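Asker: Fold the stuff below for me.
(chains A and B)
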Amino acid sequence: MSLIVCRDLVKTYRLGEMDVHALLGVSLTIDTGEFVAVMGASGSGKSTLMNILGCLDVPTAGTYTLEGTDVSTLGENRLAEIRNSKIGFVFQNFNLISRTTALENVQLPLFYRGIPAHEQKALALRALERVGLADRQRHHPAQLSGGQQQRVAIARALVTDPSIILADEPTGNLDSQASREIMETLTQLNREGITIILVTHEADIAGYARRVITMKDGVILSDRDAGGVAVARVVPQEVRA
Amino acid sequence: MNFLLMTVVVAFRVLSRHRMRSALTMLGIIIGVGAVIAMVSIGEGAKAAVQAQIASFGTNVITILPGSMTLGGVRTGHGGAVTLTIADMEELKKIPGVAYVGWSRRDAMQVVHENKNWLTTINAVSPDYLVIRAWTALNGEFFTQAEMDTAAKVALLGSTILKNLFEPGEDPMGATIRIKNMPFKVVGTLEAKGYDTRGNDQDDVVFIPFTTAERKIMGTKFLGSIAAGYLSAESPEQMAPVIDEVQRVLRQRHKLRPDQDDDFTVRNQIDIAKVQEGTSESMKLMLLAVASISLLVGGIGIMNILLVSVTERTREIGIRMAVGAKRRHILLQFLVEAVVLSAMGGLIGVGLGVAGAQAASNIAGWPTIISADILLIAFGFSALVGIFFGLYPANKASQLNPIEALRYE
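Answerer: Predicted coordinates:
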C-alpha cells in the first residue's frame, strides 16, 4: 500500500475579489521509504502542496489519503493529532522556540502527546543523539550554529517516530558546508527507512533525492527518478480552470 | 491534569523570561488586592472597636431622662424637673418585653482612702442598673436587695478608682473608703470597660446603693426622684414596641394632655448603632468600588501584555500547532499564563495587604482585624480576573492560522 495517495488536489485561495488557484489538480503517489524532492519556482504551488501533505491545510477539492486514511475531510483536532504522530516538519528558518533549550524544543511534540515528563526527556535525548547533538541539549538556539539548529529541528521531527519527514527548503539559510551535513543527515535517515519529502529550488539539493517532482503553475510538470526516467504513476489530469 | 500541570510549569518559565514585564503587569493586581486588604482590615478593626464601645453601654438599653423645667426663662436641661420617679420605673417593669429596670443618680464627690483622695463620679444605682449597663464584678458581688432596703454603706469600685486610691497589689475588698466623710465598705471591684463613645473614662466611678445616696449623701428634693431610668429589652426586636409603651405609660402616669409635650426623653442605643452601621456600609461600598476599579485596571494590564505576547510569539504558536498542539492547548497555555500572573499578583497583594495592616496597627496603633475570609476572597477574585481578561488574548492565539503563524516574522 502506498504511503501517500493524492488525487486531483485543487486548492483555491480567495484574495479579495480574485480567486487564486494554487493547485490545479495534482495527483501523486509516494511509497514508504522514498526520498522525494519537490522543485519549482515560487508560485508554482509547491508550498501549498507541502502544507496539504503536512496536514496544515486541507484541499478545496480532491482527496489525500495518508496511510489509508482520507485526511482531506478531517477536522482540525484530528489533523493536529496526525501532525503530531505521523509527520515531522523541518523548516527553512529552523523554527525552534527561542530561549528554550535544545532538549525542550525536541520534547515539544511529545508534550502535546501528554506522556510523562521523564519519558519525554529520554525520547528527546535519544533523538538528539541520532543527529549527533546530545552534548548540546542544554544550549539555547541562539547558542547554536545554523547547522546545529537545523539538526535540533530534525531531532524534533524524528522524536515522534513519524511516517514522513517534510523538509521545506531545509538548507535555504545554511552555508554549503552545513547544507551538505544536513542533506547527509537526511539521506542517512532515509536509508534507515524514513520517508522524506523535500521542497527545494536548488538542483544540487534536489540531487540528494531519488525522485524529483517538478511543479509549475499549480500542476506537476515532471516526475522523474534520479536517473531521469519518468515515474508517471498517475497520469496528470486535464487542467481545470 | 498532567497536561495542565506541565502547562503551569511552562507558564512560569515563560513569565520568568520577562521578569520585569511580568512584575509590572502584576503591579495593578498587587496594589488593588493589597490596598483592599489593608483597608478592610483597618475598617473592620475600627468597626469592632466602636461596636465594643457600644456594647459596653449594655445591650438593648433604653434610657429615660426626666424633662427640663423653665424657671423664670431659664431652662434647666434634662433632669431639672422632678418628673421621673422610682414609682414610674416600677410601673414600667410591667411592660411586656422588658427584662430589667434600673435607675441612677450621679454626683461628683471626693473619695478618700487612707492618705489618698480622688475626685470621681459617685453613681447611686439600683441593683439591676449594673446588669443593664453590662458591668461585671471582678471581685465580690453587686448590691443585694437587703443592702438597698437598709441603705447600707457599701461601695463597688471602678478600675480607675482602684488605681488611684490603692497601692498596686493592695486588696481593696473589705477596705473602708470615705465619701463626704462617711465610711463605706468596699464590697466589690468591677471589670474595666474603657472609654465610651464620647471618650469619657467609664471606669472612673464609685457605685453605691441608690437608697444610701438618697438618704445619707446626696439628699433629695422629692423622695424617689431619679436622674435617669434604664430599661433593657429582652431582644432588639422588642426595642421599638417597648419604647412606644414606655411613652404611653409615662404620659398616662404624668397625666399629660394630648397637646402637651413629653416631660421626659427616651433614648436608645439602636439609633447610635444604626448610624455606625450606615457609615461602615458606605465604607464597604467605597472599598468595593476601589477594589473593582483596581482589579479592572490590573486585568486590562494583563490583557494588554498578553495581546503583545501573543503577537510576539505568533511563530511559536505556529510551531506548536505544527507539531500537534490543538487549539485548546494554545488557549489553555495563554489562559494559564494569565491566571499565573494574576494569582501571583493576588498572592503578593495579600502579603502586602497583611503587612500594611500590621504596620498600621504597630506604627499608628490602629486596631486591625485580618480575617481569612477577605484574604481568600481577594485572592479568588484576582484569579478570576486572570481568567476573565486572559480569555480574549488566549482565544486570539488559539484562532491563529498555523501556516500564517509559521511564516510570521
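
Asker: I'd say residue A:35 and residue A:190 touch.
Answerer: Yes. Applying CB atoms under 8 Å, one finds residue A:35 in contact with residue A:190, separated by 4.5 Å. Where you see a C-beta, it was placed from the backbone N, CA and C, and this is true even at glycine.

Asker: How about the contacts made by the residue of chain A found nearest chain B?
Answerer: Closest contact between chain A and chain B, by CB to the nearest CB, is at residue A:84 (2.5 Å). The neighbours of residue A:84, taking CB atoms under 8 Å, 6 or more residues apart in numbering or on different chains as the test, are A:109, A:112, A:113, A:160, B:323, B:324.

Asker: which SS class is the nearest residue to it once chain neighbours are set aside?
Answerer: Spatially, and ignoring its direct neighbours in sequence, residue A:84 is nearest to residue B:324 (2.5 Å; CB to CB, 6 or more residues apart in numbering or on different chains). Under the three-state scheme (DSSP: H, G, I helix; E, B strand; the rest coil), residue B:324 adopts coil.

Asker: ok so, going back, a helix runs through the residue of chain A closest to chain B, doesn't it?
Answerer: Yes. Counting by three-state DSSP, residue A:84 is part of a helix.

Asker: unless I'm mixing things up, the residue nearest to residue A:84 is touching residue A:112, no?
Answerer: Yes. If you go by CB under 8 Å, residue B:324 and residue A:112 touch, sitting 4.4 Å apart.

Asker: Return the backbone torsion pair for the residue lying closest to residue A:231 once chain neighbours are set aside.
Answerer: Leaving out its chain neighbours, the residue that sits closest to residue A:231 by CB to CB, 6+ apart is residue A:223, at 4.6 Å. Main-chain torsions, residue A:223, degrees, to the nearest 10: phi -140, psi 100.

Asker: quick one: residue A:223 and residue A:209 touch, right?
Answerer: No. Contact status for residue A:223 versus residue A:209: not in contact, 11.8 Å apart, counting by CB under 8 Å.

Asker: So if I had to pick from those two, which one is more boxed in?
Answerer: For residue A:223 versus residue A:209, the count of surrounding residues by other CB atoms under 10 Å in any protein chain shown is larger for residue A:209: 24 against 21.

Asker: sec struct for that one, please.
Answerer: Put simply, residue A:209 is coil when judged by three-state DSSP.

Asker: which residues touch the residue lying closest to residue B:360 once chain neighbours are set aside?
Answerer: Take residue B:360 and drop its neighbours on the chain: the residue closest to it by CB to CB, 6+ apart is residue B:366, 4.9 Å away. Residues near residue B:366 by CB under 8 Å, 6+ apart: B:42, B:45, B:46, B:360.

Asker: ranking those by neighbours, who comes first?
Answerer: residue B:42 (20 neighbours).

Asker: And it, how close does it get to residue B:53?
Answerer: 17 Å (CB to CB, to the nearest Å).

Asker: out of the contacts of residue B:366, who's nearest chain A?
Answerer: Among these, residue B:360 lies closest to chain A (CB to the nearest CB), at 42.3 Å.

Asker: which residues sit in contact with that closest one?
Answerer: With contact set as CB under 8 Å, 6+ apart, residue B:360 has these partners: B:38, B:41, B:42, B:366, B:368.

Asker: now residue B:178
Answerer: Listed by CB under 8 Å, 6+ apart, the contact set of residue B:178 reads B:111, B:112, B:113, B:184.

Asker: Can you show me the helices along chain A?
Answerer: With DSSP state H as the criterion, chain A has helices at A:46-53, A:76-86, A:102-111, A:117-130, A:146-158, A:176-191, A:203-206.

Asker: and the third one, average pLDDT?
Answerer: Right, the one you point to is helix A:102-111. Over the span of helix A:102-111, the pLDDT mean works out to 94.

Asker: and the direction of that helix versus that of helix A:76-86, what angle?
Answerer: Angle, helix A:102-111 to helix A:76-86, by axes from the mean of the first three to the mean of the last three CA atoms, to 10 degrees: 130 degrees.

Asker: okay, helix A:102-111 in PDB with CA atoms only?
Answerer: Extracted in PDB, the C-alpha atoms of helix A:102-111 (Å, rounded to 0.1, in the frame of the first residue of the first chain):
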ATOM      1  CA  ALA A 102      17.500  22.200  22.500                       C
ATOM      2  CA  LEU A 103      16.200  19.300  24.600                       C
ATOM      3  CA  GLU A 104      12.900  21.200  25.400                       C
ATOM      4  CA  ASN A 105      12.500  22.000  21.800                       C
ATOM      5  CA  VAL A 106      12.800  18.400  20.800                       C
ATOM      6  CA  GLN A 107      10.400  17.400  23.600                       C
ATOM      7  CA  LEU A 108       7.700  19.800  22.300                       C
ATOM      8  CA  PRO A 109       5.700  17.200  20.100                       C
ATOM      9  CA  LEU A 110       5.800  14.700  23.000                       C
ATOM     10  CA  PHE A 111       4.400  17.400  25.300                       C
END
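
Asker: in the sheet, who's paired with the most centrally placed residue in chain A?
Answerer: Nearest to the geometric centre of chain A sits residue A:166, at 1.0 Å (CA atoms, centre = their mean). The residues listed as beta-bridge partners of residue A:166 by DSSP bridges are residue A:89, residue A:197.

Asker: right, and it touches residue A:90 too?
Answerer: Yes. Using CB under 8 Å, residue A:166 makes contact with residue A:90 at a distance of 7.1 Å.

Asker: what does chain A put close to chain B?
Answerer: Contacts of chain A with chain B, taken as CB under 8 Å from any CB of the partner chain, map to A:51, A:54, A:56-57, A:76-77, A:80-81, A:83-85, A:89, A:91, A:95-99, A:108-109, A:111-114, A:116-117, A:156, A:160.

Asker: Give me the neighbour count for the residue in the stretch 1-150 of chain B that chain A sits nearest to.
Answerer: Here the stretch 1-150 of chain B gets closest to chain A at one residue, residue B:3, 5.1 Å apart by CB to the nearest CB. Using other CB under 10 Å, the number of residues around residue B:3 comes to 13.

Asker: Look up phi and psi at the residue nearest to it when sequence neighbours are not counted.
Answerer: Distance criterion CB to CB, 6+ apart; nearest residue to residue B:3, sequence neighbours excluded, is residue A:114 at 5.1 Å. Torsion angles at residue A:114 (phi, psi; degrees, to the nearest 10) stand at phi 70, psi 30.

Asker: same thing with residue A:133?
Answerer: The phi/psi pair for residue A:133 (degrees, to the nearest 10) is phi -120, psi 20.

Asker: just checking, it touches residue A:151?
Answerer: Yes. Counting by CB under 8 Å, residue A:133 does reach residue A:151; the two are 5.5 Å apart.
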